[in-house]
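Trainee: whatever this is, show me its structure:
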Amino acid sequence: MTAIPLTYYLVVAAFLLCAGLLIVLTKKNAIMVLIGIELMLNAANLNLVAFSRNDPQLNGQVFAIFSVVLAAAEVAIALAILLNIYRKYNSSDLDDLNTLEH
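Mentor: Purely as a prediction, here's the structure:
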């Protein structure tokens, strides 16, 4: 069985990062922006795990697990905020939310 070269991992991670950035910059729906952010975090995780294949101490994989936990907490908090915004403004469109009043 042959090992997958590091460049393949880097190309996939670059594609995920570019796709996530494109989604964040072009979409107006807040849920889609969160999906784009998650894609960018997954690209970073893929890079960490790919580079940790050569590390005998597995530091990259530990950082990747920390990043997954951080992403889960970020999504939970962002969805709670988004639900409260939707309850008040009846819209998840980011252009509609130009003012945040109490």
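Trainee: give the contact list for the spatially most central residue of the chain.
Mentor: Centroid-nearest residue in the chain: Glu38, 1.8 Å away (criterion: Cα atoms, centre = their mean). With Cβ atoms under 8 Å, 6 or more residues apart in numbering as the criterion, the residues that contact Glu38 are Gly20, Ala71, Val75. For glycine as for every other residue, the C-beta is placed from the backbone atoms N, C-alpha and C.
Trainee: correct me, but Ala14 touches Ala43?
Mentor: Yes: with contact taken as Cβ atoms under 8 Å, Ala14 and Ala43 are classed as touching, separated by 7.3 Å.
Trainee: what's the spacing between Leu83 and Ile31?
Mentor: 11 Å (Cβ to Cβ, to the nearest Å).
Trainee: whoops, I mixed them up, Ala44
Mentor: Taking Cβ to Cβ, one finds Ala44 at 21 Å from Ile31.
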